[in-house]
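**Q** coords below, sequence missing:
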């Protein structure tokens, strides 16, 4: 059973769809053939803005993990041979710090249903029993309902192909920036990343490959959402830098990284 055909979910999906088509109609007199793309960008920005508290929780959890990393490493060294004792000591540490090892995961899980709903608007040919007209629109000659791979097997591909290539190239650029901007420095005393971890750091580029197989509308959504993530995380990491207590007892902002 398709979850998005379940009446409550289908109603939410239809509401999101009507919002996108309404935005497209509103901006059409201004941006013309780019109305569909602009509507997708606006909707994505609105959704990500509503999820800003989730981003704040994730950044705070990042700083907590970095602050506790040396203590956890010490516990691993002390109780490494006794897994049960290590787990008990680690949980005691988290309780003393009034946090949880899952502090950053819960907000991430909370946003998945919302992101999935918005993404479905740009991929489902049928919504609440009617055709998804959004996928029939074009942007600069490129059909929003066709993927880059699908276009290569169609008839004339230019200038539509240029639009797809531009979107995929921008996703690759944003992904490269995110690997540099969002990478956290290693805590003091930690070892350098292993070869496997270095290899895993390239996983975000899978997004570019994935975007080539989804409709252009979904690829634009991915580009907008990824760009928002980079900008949001960069800004929040500077605004939410935890305070440091010095030897004189005074509290001062930590140096941002």
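**A** Okay, I see it. The structure presented is a predicted model; accordingly, all values stated were derived computationally and were not measured.

**Q** Please enumerate the helices of the chain.
**A** Applying DSSP state H to the chain gives helices spanning 7-31, 35-50, 52-79, 83-96, 105-121, 148-152, 160-181, 195-200, 206-213, 216-239.

**Q** Does anything pack onto the first one? Which helices or strands?
**A** Helices and strands touching helix 7-31, as assessed by 3 or more CB pairs under 8 Å, 6 or more residues apart in numbering; DSSP states H and E, comprise helix 35-50, helix 105-121, strand 126-127. Every C-beta, even on glycine, is put in place using the N, C-alpha and C of the backbone.

**Q** Flag the shaky bits of the stretch 51-200 of the chain, pLDDT-wise.
**A** 103-104, 106-108, 110, 153-156, 183-200 (pLDDT under 70).

**Q** I'd like to know how many residues surround residue 45.
**A** Residue 45 is flanked by 14 other residues according to other CB atoms under 10 Å.

**Q** ignore the last one, residue 231
**A** Residue 231: 15 neighbours (other CB under 10 Å).

**Q** And residue 75, by the same measure?
**A** Per other CB under 10 Å, the neighbour tally for residue 75 reads 19.

**Q** what about the residue lying closest to it once chain neighbours are set aside, distance to residue 48?
**A** Take residue 75 and drop its neighbours on the chain: the residue closest to it by CB to CB, 6 or more residues apart in numbering is residue 89, 4.9 Å away. Distance, residue 89 to residue 48, by CB to CB, to the nearest Å: 38 Å.

**Q** okay, the helices and strands packed on helix 7-31, which one's buried deepest?
**A** helix 35-50 (a mean of 20; mean count of other CB atoms under 10 Å).

**Q** Show me what it packs onto, helices and strands only.
**A** helix 7-31, helix 105-121, strand 138-139, helix 216-239.

**Q** least reliable of those going by mean pLDDT?
**A** Mean pLDDT values for those show the minimum at helix 105-121, a mean of 78.

**Q** what's that one in contact with?
**A** With contacts defined as CB atoms under 8 Å, 6 or more residues apart in numbering, helix 105-121 is touched by 4, 9, 12-13, 16-17, 20, 43-44, 47, 50-51, 53-55, 57-58, 61, 127, 132, 134, 217-218, 221, 225.

**Q** change it to 6 Å
**A** Outside helix 105-121, the residues within contact range by CB atoms under 6 Å, 6 or more residues apart in numbering are 4, 12-13, 16-17, 20, 47, 51, 54, 57-58.

**Q** list the contacts for residue 172?
**A** Neighbouring residues of residue 172 by CB under 6 Å, 6+ apart: residue 208.
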